[in-house]
Structure formats: C-alpha cells, structure tokens
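Trainee: Here is the input, now give the coordinates:
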Amino acid sequence: MTRRSESNVVKFKKPRFSIGGVIFSLILLYVLFYSVSFFNKDHITIYEVNEKQISDNSTTVGIAVRTEEIYNAPASGFVNFYNSKGTKVAKGAIAFAIDPDGSMNNYLADFENNSDITSYDVKTIQSDISNFKSSFDFSDYSSVYDFKYNVENDVLSYISSISYAQLTNDINDPSFTLTKTNESGVIAYWTDSMEGITADKITSSSFDEDNYSKTVLKTSDNVSQGDPVCKVITSEDWSIVIKLSDDQYAKLENDKTVMVKFSKDGLKLKLPFRLFSAGGENFAELFLTDYMSRYIDDRFINIELLLNSAEGLKIPVSSLVDKSCYIVPISFLEKGSDTGVDELTYQVAGENNTIVTKNITTFAMVDEDYVYIDAVMLQPGTTMQKPGTEETYQLAEMKTLRGVYNVNKGYCQFKQVDILYENKEYCIVRNHTDYGLQVYDHIVVNPELIDEDDIIYK
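Mentor: Down below sits the predicted model:
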C-alpha cells in the first residue's frame, strides 16, 4: 500500500471570533427595530394657524308679503299712467287715465316732439336696459315682453307727468276718466294673483314657481272695464316668508334676529323674525321696515341665511384640550418695575426656614376678575403676595379653560382660545386676544399623544 504524501493534506485555519461583526449585527438589529417601531407608532401632527371665515350659510327662496291694493279700469279704452314704477304717490294723486277713443295718445304724440326727458329719466331707462341685459335667460324668452312693457311704461309715464297740467286744460271730454289713489304708497305695474296674501295663508305649495304666473300691465294697449291697471303698495312695512329645514329651524329657535343676504344685489341686513309651522312644514317670517321699493317687482326673493358665521383663527377641533388652572384675584396682578410686564408675586420656602419671593409672568388667561395659571406651573397652596400690602392668597380654587398646545418654542405651551364658531372638523377662535393664539402659530393637532413638558421637533 502506497503511503500518501503529506503534500496532499490541506489544513484549514480555525475561525476566530470577530467583535466587529457582532457590533455591526447589533446595530443593524437596533436600526431595524427602531424603524419598525417608528412606522407603527402614532406621530404628533403640527398645524399652522391661519385666518379664515366659516359659516353654515344656506340659500333659500322667500315670498314677499306686502299691503297691495289693485286698481281696475273704470271703463274701456286706452290707459296712460302719470307715474313711473316705484314712484311714491300721495293719497288722491292721479294714478292713471282712461282714454276711450285715443285722443290722449294723439295729443301725447304731438307733445312728445316738444318736450324734453330729463337726464335722470334717461338714466333710469338705461338702468332698466342694463339690468335686462345682465339677467336675460334664453330659456325665459317671455321676459323680453316684460322688458318691452316696462320701458314703454316708463317713457309714457315721463311724458304724461310732464304734460298733465296742460293736458287737463286742452282736453275737455267727459268720457276721459282719471283714477286717483285711495291711499298713499308706491306704484307698481304688475299683478300675480297673490296680492293680499298673508304669512298664515302661505303653504308649501305657495313656493312652486312652476305654477306661478306674473302679468305685466300693458300701458299702451286697450283695456276693458274691470281689467287690472296698476296697484299701490300702501306700507313700507313688509315681510318675507321662507321655508325652513328641521336643522335651520333648530338653529333659529333660540334667536330673535338673523343675518340675511339678498342674492339679487348683495344687500346684507339683520332682520327680526318669527317661527311658525303649517301643514307639517316649518316657516319663518322675516320683518322689514325699509327697502320695499328696492324689490317691488319681485314676489319670489332669493336670500342667503348667514347662520353661525364667524371670522377669526381657524384651528382643528381635535387640537382642543381642557386645562385645569388656578385662579388668582386680578388685584394681585402688577406691572414689573424693571420689565413693565404683567406679573404675580408668590412665596416659596428657602433654606434655613427663610421665605423666598419669586415672580411668574406666564398666564393661561386674564379676564376682568381673575388671572389663570396653568396648574402644572405652581404647587397647590402656593402663597401669592398682593403688591404693596401684607395681603396673601393661597392657590386652591381651580377653573377649567379650553385651549390648545402651542409649540412655537419647541415645547408645549397651553394657549386659551375663545371659540366663536364650531363644526365637526374645524372651529373659529377669536383673534388678537391677550395670551391667546396669533396667525402662523404652530399647534398640536393630536394633543392626546403628548405630555405638556415634552420636547417637540417640528
């Protein structure tokens, strides 16, 4: 048997223990563990405070309720008015004239060539044209005829009002009839069969505009005896009735006034109102003592209810916290002699049974009666010293304030807030308050994840 050569034997080195590899492995495990923990834990969210306006506004349509008296033609013939629409007339003033054979129209045609319409009258007609142009809708072509009759009525009214004194002298015809007003008021030249309606007679079906019909009274056409010619609104006191949802009714139930905005021209008014129910529906009657002439041509008026509107600093509702605070009578507050900053003086025990006096200048809030100190800042029973006297006050009584945690300085600092408006997600708090929030402050959105003395890395 041949002996194997020693040169064919391969020797392996015994592996040696590597401390560097162990440390690297431990570091890798730590990083992995920290990363998993970091991504699985809830993180503190920071929010930047900004100015905002929030409201629960809702647009609705209302029915105008006025004191309206219709004037019918006492005879057949051509009708001419002596006042333009929206004109205030006195009791016994000439409302219109009935011309049985057209002699007045012929007279006015001659008179028109010799009279001047004032610049004010021209501007009124221009305004009518401008309003029609801006609001014209091809789906409602009948408004063209309304516009035609309105302008025609204005022109004839201007001419008639100028010529009335001379007209009554030149025309001596017993069949020519003048109709005078029974009461003072404002002239209007349309009817819709809703004259005389009151709030208590309004039902849900009254708001169905598909069945609504408005007739513009035609000043240049021949009318028959008994036809409506014009109407006079005899009082500046009027109202608007609106339907309310259950939610709107609940929001208004404890109020006496409501802010509204008229969609037609943006006018905002605070109006008194009354709530009532009929036929299972909720309604509100809004009362006005002015602006009747402004909306004299409208039965249905679009308005916006400005409910719970507020302007201030917008913050998330989730950021709100309740904080227990000690209260100190306001008489203990003084200006620091060196700093000029409001401060409170308190006493603590020093070495060898001595009393040490200190000052505190950080408060949660100050009102007319008390200074509020965050309960974590001082111990219960701390003795407060009234400036310039021997009078003292021990911290004991507490009140709860609502506020947020401000983190501008890298740690949590409680700031009291005065809530003006609140919904499910955000609230509006008062701006420019002492010891309160300011625009661009940074606050904690989820304060349940932190303690007040935690360091915050923004």
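Trainee: use CA for all of it now, contacts and neighbours both
Mentor: Noted.
Trainee: Would you agree Lys335 is in contact with Asp342?
Mentor: Yes - if you go by Cα atoms under 8 Å, Lys335 and Asp342 touch, sitting 4.5 Å apart.
Trainee: Helices of the stretch 101-250 of the chain, residue ranges please.
Mentor: Secondary structure of the stretch 101-250 of the chain (DSSP state H, counting those that start in this stretch): helices located at 103-112, 119-135, 143-170, 246-252.
Trainee: Sketch out the low-pLDDT regions of the stretch 201-350 of the chain for me.
Mentor: 218-221 (pLDDT under 70).
Trainee: what domains does the record give for the protein?
Mentor: Domain ranges of the chain: 60-306, 313-449, per automatic domain parsing.
Trainee: So which of these is nearest Val49?
Mentor: domain 313-449 (4.8 Å; Cα to Cα).
Trainee: Look at that closest one and report the distance between its end residues.
Mentor: End-to-end distance of domain 313-449 (Cα to Cα, to the nearest Å): 23 Å.
Trainee: For that domain, what is the distance to the chain centroid?
Mentor: 33 Å (Cα atoms, centre = their mean, to the nearest Å).
Trainee: Apart from its neighbours in sequence, what residue is nearest Glu304?
Mentor: Thr59 (4.2 Å; Cα to Cα, 6 or more residues apart in numbering).
Trainee: Helix or strand for the one you found, just tell me which one.
Mentor: Using DSSP states H and E, Thr59 sits within strand 58-65.
Trainee: any idea of the mean pLDDT for whatever helix or strand comes next after that strand?
Mentor: Later in the chain than strand 58-65, the nearest helix or strand by DSSP H and E is strand 68-72. Averaging pLDDT along strand 68-72 gives 95.
Trainee: mind listing what's buried in whatever helix or strand comes next after strand 68-72?
Mentor: Using DSSP H and E, the helix or strand that follows strand 68-72 in sequence is strand 77-81. For strand 77-81, burial by neighbour count (16 or more other Cα atoms under 10 Å) applies to Gly77, Phe78, Val79, Asn80, Phe81.
Trainee: likewise stretch 346-361?
Mentor: So for stretch 346-361, counting by 16+ other Cα under 10 Å, buried means Tyr346, Gln347.
Trainee: Give me the contacts around it.
Mentor: Residues from elsewhere that reach stretch 346-361 (Cα atoms under 8 Å, 6 or more residues apart in numbering): Val341, Asp342, Glu343, Leu344, Thr345, Thr382, Thr383, Met384, Gln385.
Trainee: Show me which of those is closest to Asn308.
Mentor: Minimum distance to Asn308 across the contacts of stretch 346-361 is 35.2 Å, recorded for Asp342 (Cα to Cα).
Trainee: Give me the pLDDT value at the residue nearest to Glu304.
Mentor: Thr59 is assigned a predicted lDDT (pLDDT) of 88.
Trainee: measure it to Phe300 for me?
Mentor: Here Thr59 is placed at a distance of 13 Å from Phe300 (Cα to Cα).
Trainee: Neighbour count: the two, which is higher?
Mentor: Phe300 (18 against 14; other Cα atoms under 10 Å).
Trainee: show me what contacts that one?
Mentor: By Cα under 8 Å, 6+ apart, the contact set of Phe300 is Val61, Gly62, Ile63, Ala64.
Trainee: Excluding sequence neighbours, find me the nearest residue to the last one.
Mentor: The spatial neighbour of Ala64 that comes closest, neighbours along the chain excluded (Cα to Cα, 6+ apart), is Ile240 at 4.6 Å.
Trainee: Just give the closest residue to the residue positioned nearest the centre of the chain, not the sequence neighbours.
Mentor: Centroid-nearest residue in the chain: Leu306, 3.7 Å away (criterion: Cα atoms, centre = their mean). Spatial nearest neighbour of Leu306, excluding adjacent residues (Cα to Cα, 6+ apart): Asn57 at 4.8 Å.
Trainee: Kindly provide the distance from the one you found to Leu252.
Mentor: For Asn57 relative to Leu252 (Cα to Cα), the value is 13 Å.
Trainee: How about Leu26?
Mentor: Noted for Leu26: a distance of 67 Å to Leu252, by Cα to Cα.
Trainee: The two: which is more packed in?
Mentor: Leu252 (18 against 12).
Trainee: In contact with that one: list those residues for me.
Mentor: Counted by Cα under 8 Å, 6+ apart, Leu252 has contacts Val258.
Trainee: What of Val258?
Mentor: Contacts of Val258 (Cα under 8 Å, 6+ apart): Leu252, Lys270, Leu271, Pro272, Phe273, Leu305, Leu306, Leu307.
Trainee: how about the fourth one, secondary structure?
Mentor: In other words, Pro272. strand (DSSP: H, G, I helix; E, B strand; the rest coil).
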